[in-house]
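**Q** What would the 3D arrangement of this be:
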Amino acid sequence: MKLQISYDFTDLSTALEVAKKTAPFANILEIGTPLLYAHGLDAIKEFKKEFPNKKIFADTKLVDRVGEIIPLVSSAGADYISVLAGTSNKVIQKVTSIAHHHNLKTVLDLIDTITPNQSARNAKDLDIDVLFFHPPYDDGDKTVETLDEWENIRGNTTLPIFVSGKINKETIEKVLILKPDGIIIGEAITKASDPAEAAKFFREKF
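**A** Numbering: from 1, shown residues only. Prediction:
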């Protein structure tokens, strides 16, 4: 099971400062969407420069203009990008084809699909590498409730599945029972009074 830490800051200096304390405990470092909006490709470049031996996931949430965007994200140093499951299969296939050509792995984000089971079922044929299963951040605290859908998602794919959704010290045990391939944690680590201690706590749970 892998630990992915999400740095959902809008200030790049702060994100890097927290990452220096927490990156040793992570398998994958996520450039959160707010950080991408605030600093663009520079956020990816700075993280790759600071952590050359870590995998970098850029949460791009692609839906359009993928032919232009993917080469830019690749050249900046990302290892993973995300595409929204709610877009068309044609777009998803284009994403995986171009991404793999640039040695990028693709993450299918199930956040916006109204048929997550079908999206999970189609993912392997679309050449997706990883599924990302989580509730919308702005849709309240739905971590545990949303995970009730886990069996339906897991039963429709053999691909690795990462889970997220405001996971914290109180909910982590319920998530671990599911045995996902990866767990993504953001604020419970990055906004903790001692981010390094928090990252260590979750890492040792695995």
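
**Q** What is the least confident helix or strand in this structure?
**A** helix 143-146 (a mean of 54; mean pLDDT, DSSP states H and E).

**Q** what's the helix or strand just after that helix packed up against?
**A** Downstream of helix 143-146, the next assigned helix or strand under DSSP states H and E is helix 150-154. Here helix 150-154 touches helix 116-123, strand 130-133, strand 161-163, going by 3 or more C-beta pairs under 8 Å, 6 or more residues apart in numbering; DSSP states H and E. Using the backbone N, CA and C atoms, a C-beta is placed for each residue, glycine as well.

**Q** So for M1, which of these sits nearest?
**A** Taking C-beta to C-beta, strand 161-163 is the member of the helices and strands packed on helix 150-154 nearest to M1, at 9.6 Å.

**Q** Buried deepest among the helices and strands packed on helix 150-154, which one?
**A** strand 130-133 (a mean of 24; mean count of other C-beta atoms under 10 Å).

**Q** Remind me what that one packs against, helices and strands.
**A** strand 105-109, helix 116-123, helix 150-154, strand 161-163.

**Q** Mind putting the helices and strands packed on helix 150-154 into JSON lines with mean pLDDT and distance to E170?
**A** JSON lines is the format used below for the helices and strands packed on helix 150-154 (pLDDT from 0 to 100; distance: least, C-beta to C-beta, whole Å):
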{"stretch": "helix 116-123", "mean pLDDT": "95", "distance to E170": "25"}
{"stretch": "strand 130-133", "mean pLDDT": "96", "distance to E170": "20"}
{"stretch": "strand 161-163", "mean pLDDT": "95", "distance to E170": "16"}
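
**Q** ok, the longest strand seen in the chain: who's next to it in the sheet?
**A** Longest strand of the chain, by residue count under DSSP state E: strand 55-62. In the sheet, strand 55-62 lines up against strand 28-31 (parallel), strand 80-84 (parallel) (DSSP bridges).

**Q** closest one to N152 among those?
**A** Across those, closest to N152 is strand 80-84 (C-beta to C-beta), at 19.3 Å.

**Q** And the nearest residue to N122 once chain neighbours are set aside, how far from P160?
**A** Counting by C-beta to C-beta, 6 or more residues apart in numbering, N122 lies nearest to N89, which is 6.6 Å off, once chain neighbours are set aside. The spacing between N89 and P160, counted by C-beta to C-beta, to the nearest Å, is 20 Å.
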